[in-house]
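Peer 1: mind looking at a prediction? Sequence and model below.
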Amino acid sequence: MGEVAAVFTYPLTGAHGVDHHEAPVPVLLGGLGGDRRFVLYNPATNERVGMKQYPRLTCLRAENTADGALLVTSESPLPADGGKFILSPMRGNVINVNEFGDRTPATDCGDYAAHFFSKFVDSDVRLAKKEWRWSRGDTVHASARRVAPIHIVNAASVEALREGPKGVAVGPERFRPNLVVQGFEPLAELNWRDTYLQIGNFAVRVTRATERCRVPGFDPDTGENLRDVPRLYKSFPHANEDGTGSPVFGVYGYPVVKSVDTYVSKGDHVTVLR
């Protein structure tokens, strides 16, 4: 048996993560409450964009407000005093943002938000807020999505990277997890596919290992390309048994929730159900 070591959400896809420390986070059929509720997209293609395309986004701290707005803070210059900027979504056009092949229903947040983010990343992007029904899992159930909504990283696997022959000073936040778990052997998570993890009063069905991209090579605070983690990818396990597939680290899964009063928090017990 292990436990949850940390819980993260990312109110704005691509921006810096929010560490919830001891605070409980709601668990919905569509993922963790407030996670990736806002998304940037390319208006020419409706393709989702994030830190992979614009590493500087990680310099932004984004939070969901009680009235449904997005609070953005950064040490970088912002068009507001005190480095804070509140985006109150306008009731714009409902669009479908293409996220890894899934058509995610979202509401465009208007020209003001588009101007701000386009200026910040120096490219033409727009902001959209995902429909609440998507977060609830009402449109496309999380089990049917191309990428499951909960990303889990094993703390022992991260520690093994640090202590390896080519070890680097890396923390779990570099892999942008929702849940960091501890109390398991390094890389034990790669054997969890098609199993359930009992986490507190809900479960996660693990669907697949996480194929890695260049994002873990960027400093999560500054967006600087350190290139350290991608240099280790040859030593990572690979998606195919013959080693020709993509390097993998961490696992994706979707929540199995039986109650509306379901939460996850640091310290919750984690049990692998075979």
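Peer 2: Yes, it's here.
Peer 1: surely Ala128 is in a helix?
Peer 2: No. Checked against DSSP: H, G, I helix; E, B strand; the rest coil, Ala128 lies outside a helix; its state is strand.
Peer 1: can you count the residues close to it?
Peer 2: Per other CB atoms under 10 Å, the neighbour tally for Ala128 reads 30. Every C-beta, even on glycine, is put in place using the N, C-alpha and C of the backbone.
Peer 1: can you tell me how far it is from Val49?
Peer 2: 11 Å (CB to CB, to the nearest Å).
Peer 1: which neighbours do those two share?
Peer 2: Residues touching both Ala128 and Val49 (CB atoms under 8 Å, 6 or more residues apart in numbering) are 40-41.
Peer 1: touching, Thr271 and Met1? I think so.
Peer 2: Yes. If you go by CB atoms under 8 Å, Thr271 and Met1 touch, sitting 5.3 Å apart.
Peer 1: between those two, who's got more neighbours?
Peer 2: Shown here are Thr271 and Met1; by other CB under 10 Å, Thr271 has more neighbours (12 against 9).
Peer 1: residues in contact with the closest residue to Asn154 other than its chain neighbours?
Peer 2: Nearest residue to Asn154, sequence neighbours excluded (CB to CB, 6 or more residues apart in numbering): Glu189, at 4.6 Å. Each residue near Glu189 by CB under 8 Å, 6+ apart is listed here: 152-154, 157, 181, 206, 209, 250-251.
Peer 1: quick one: secondary structure of Glu189?
Peer 2: Following three-state DSSP, Glu189 is assigned to helix.
Peer 1: which is the next helix or strand following the one helix or strand in the chain whose mean pLDDT sits lowest?
Peer 2: Across the helices and strands of the chain, mean confidence by mean pLDDT, DSSP states H and E is lowest for strand 84-87: a mean of 69. Once the chain leaves strand 84-87, the next helix or strand it forms, by DSSP states H and E, is strand 94-99.
Peer 1: pLDDT on that following strand, on average?
Peer 2: Mean pLDDT, computed over strand 94-99, is 94.
Peer 1: that strand vs strand 126-130, what angle?
Peer 2: Orientation of strand 94-99 against strand 126-130 (axes from the mean of the first three to the mean of the last three CA atoms, to 10 degrees) gives an angle of 100 degrees.
Peer 1: got a winner among the contacts of Glu189 for most neighbours?
Peer 2: The most crowded member of these, judged by other CB under 10 Å, is Asn154 (28 neighbours).
Peer 1: what's the helix or strand for the spatially closest residue to Gly267 that is not a sequence neighbour?
Peer 2: The shortest distance from Gly267 to any non-neighbouring residue, by CB to CB, 6+ apart, is to Glu3 (5.9 Å). Assigned by DSSP H and E, Glu3 belongs to strand 2-9.
Peer 1: now do the longest helix belonging to the chain: which elements does it pack against?
Peer 2: Assignment by DSSP state H gives helix 111-121 as the longest helix of the chain. Contacts defined by 3 or more CB pairs under 8 Å, 6 or more residues apart in numbering; DSSP states H and E place helix 111-121 against strand 84-87, strand 126-130.
Peer 1: swap the cut-off to 6 Å and go again
Peer 2: Here helix 111-121 touches strand 126-130, going by 3 or more CB pairs under 6 Å, 6 or more residues apart in numbering; DSSP states H and E.
Peer 1: count the neighbours of the closest residue in space to Arg56 that isn't next to it in sequence for me.
Peer 2: Sequence neighbours aside, Gly223 is the residue nearest to Arg56 in space, at 4.6 Å (criterion: CB to CB, 6+ apart). Residues within reach of Gly223, counting by other CB under 10 Å, total 17.
Peer 1: wait, Gly223 touches Thr58, no?
Peer 2: Yes. Applying CB atoms under 6 Å, one finds Gly223 in contact with Thr58, separated by 4.9 Å.
Peer 1: distance between the ends of stretch 119-133?
Peer 2: Stretch 119-133 stretches 30 Å from its first residue to its last (CA to CA, to the nearest Å).
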